[in-house]
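just need the structure, nothing else, for what follows:
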Amino acid sequence: MTSDSLPRPPSPALGWVLLMPAGLGMLISLLLPTVQTIQLSLESGGSLTPRTFVGLDNYAQLTRTGEVWSALGFSLSLVLMPLLVALVAGPLLAFALDRAGTRPRRAGLVVLSLAPVVFSPAAVAVSWLYGLRPGASGLVTLATTLRDPATGPSGLRLIVAAATFGVVCALAVMAFLPALRGGAVTRSMIAVGVIVALATLAAGLQTFTLGAILTGGSRAQTLAGMQYAQAFVQGRPGMGAAVATLTGVVLGMLGLAAAIVVVAAGVRLWVTPARDVAGEEPYEQAEDAATGRAVQVASGHGGAGRAAPVAGRAAGIAAVVAYAAVALVLTWPWLAALTRPSSGPGGGLATHVNTWVPAVIGAVVSVGVAYLGALGIGGLRPLGRRSEWLLLLFAPWLFVGVGPLSVAGWTDMRNLGLIDTFLALVPPVLVSVPCLFLLTLLCKGLAERSGGDFVGGVVRPSLPMAGILAVVVTLLNGQDLLWPLLVAHDPGLATAPATQYLQLRQYGGWPSAGLSTPLPVILAALLAAGAAQVLYLHRLALRAGAPGGGARSPAPAA
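Residues are numbered from 1 along each chain as shown. Presented below is the predicted three-dimensional model:
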């Protein structure tokens, strides 16, 4: 076979073309709102009063009273237990599954998928408030601590830790498990651990739904709650924008730190070959330390053609059972609340249309744009070995959700006359930066093993991940409370989380805990998650450092 018959990759110049939509989306929906937020933070006035430039007065007032530092400290305190779960329970469970063998690992991943699929912050918060009703018993009565200002903050911390245990542990396992398959395990696990820790801290800084529903922000205020109260309750957008700017600075630094770790450590993802008919585990390529030549090694799951040790299987199964038991106990308030009748308006077909149609549209756009950018950066490598450094352009918004940009976003929607329209319900972010990072690392790893076949070696095996991420982003969009609460004041446009919030906080009723997790959506998501775990995610591998892991292929001839 001559070199002319080998696949010819497209020109790296095409990478710049594919990156353009992501760059444009970043400029329009991330950079411009960031600049607007900073400008608003330097002004005073409200929606009905003239705005005047006041310089740093808003920041001086926030820091002088110390309220912003209290909100920052409380926001960080909410993630202490979740952070411990992510960095201790997550790696231990991942290690147990890694040594359990193929079938227990697949089954365990399917079980772990349940928590992220059914997790709805609004539904969880509503279900815990049922502990305030007469006759309540069991774990849910922890909600009674929320009534007392002295015990409210501690009670909220415990409820957040209990409510998020399942989803945090599951996501941590899914992050750490590929690092055990790709070689250079120590470096890879450290890199993943740093990213998981930074992401958990960033999520804590943006906690809004649980605090808004459980306490209304009256016991202890998070940064997101303080921003909402200042900008939209008290009608002081300048103060709200100042809180958002301070939050954005911290989130930007966390995002830059994560990006530097990812790029400097040389993190890459790829998809290992499926098991063959004989039941052998896939081989991987590694570099011999002495000769520098590629050799084949077993993938680390019991060796080729051998079953995992009985002890490993037993430990893996026991770990999954223990996780499931703890998660079941901690999610029981939500499970029990599903049978409770609601008492309040809303919850019809229109509510579900308002919730899921804009969520799907936002996910298809933001993930689709991110996928094109990932193909450009990771697949076509326009800057060669330095291509991943292009991710630094997007890094300040890696962990930024809608919240810190919501003051500017709401202002734009009002100026465009889109408040109380169906179009306004579509999430305003045009490019998902977390998806861009993840897909870029995957395209990078696949490109290194593609042999120049861009379509067959990069595009085809990365498409399933783009689809999986589109489903994930759809679920996240559908469970968001803040943005629909801001742009849709018409009850006919309320989403499911907004309906739950309004029934509880404004109408004095008891909303259905299952409104934001309708059975058809849950069943469809569970089927998709199970198929994704068994057919695709189970085979992901991650490596930090020089290329070493790879697809099943013969080692080069001597």
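
what about Pro547, how many neighbours?
Neighbourhood size, Pro547 [other CB atoms under 10 Å]: 18. All C-beta spots, glycine's among them, are computed from the backbone N, C-alpha and C.

the closest residue to it other than its chain neighbours and Thr200: what is the separation?
Nearest non-adjacent residue to Pro547, counting by CB to CB, 6 or more residues apart in numbering: Glu448, 5.2 Å away. Using CB to CB, to the nearest Å, one gets 30 Å for the distance from Glu448 to Thr200.

which of the two has more neighbours?
Between Glu448 and Thr200, counted using other CB under 10 Å, Thr200 has the larger neighbour count: 22 against 19.

what's the helix or strand for the more buried one?
Assigned by DSSP states H and E, Thr200 belongs to helix 185-205.

related to what we said a few turns ago, the residue nearest to Pro547 contacts Ala546, correct?
No: look at Glu448 against Ala546 with CB atoms under 8 Å: they stay out of range, at 10.3 Å.

pLDDT below threshold where in the chain?
Along the chain, the parts satisfying pLDDT under 70 run over 1-7, 46-48, 217-219, 275-308, 341-347, 508, 548-558.

which residues in it form strands?
Ranges of strands in the chain, per DSSP state E, are 43-44, 52-53, 268-271, 283-287, 294-298, 540-543.

quick one: residues contacting Ala125.
Ala163, Thr209, Leu210, Ile213, Leu214 (CB atoms under 8 Å, 6 or more residues apart in numbering).

mind listing what the closest residue to it other than its chain neighbours touches?
Excluding the flanking residues, the one nearest Ala125 by CB to CB, 6+ apart is Ile213, at 3.6 Å. Contact analysis of Ile213 by CB under 8 Å, 6+ apart lists Pro121, Ala122, Ala125, Val126, Leu129, Leu481, Gln500, Tyr501, Leu504, Arg505.

distance check, the fourth one against Val192.
Read that as Val126. Shown here: Val126 relative to Val192, a distance of 33 Å by CB to CB.

which one of these two is surrounded by more residues?
Counted by other CB under 10 Å, Val126 and Val192 do not tie: Val126 has more neighbours, with 29 against 26.

hmm, the more buried one is touching Gly509, no?
No: shown here, Val126 and Gly509 do not form a contact pair, counting by CB under 8 Å, at 10.6 Å.

which residues of the stretch 251-400 of the chain fall in helices?
For the stretch 251-400 of the chain, applying DSSP state H, counting those that start in this stretch gives helices covering 310-337, 349-374.

so what's the gap between the longest one and the chain middle?
Translated: helix 310-337. Relative to its chain's centre, helix 310-337 lies at 22 Å (CA atoms, centre = their mean, to the nearest Å).

counting contacts, what elements does it pack onto?
helix 90-98, helix 102-118, helix 121-129, helix 152-176 (3 or more CB pairs under 8 Å, 6 or more residues apart in numbering; DSSP states H and E).

could you report the neighbour count for Leu349?
7.

may I ask you to confirm that Ala220 is in contact with Phe74?
Yes: under the criterion of CB under 8 Å, Ala220 makes contact with Phe74 at 4.9 Å.
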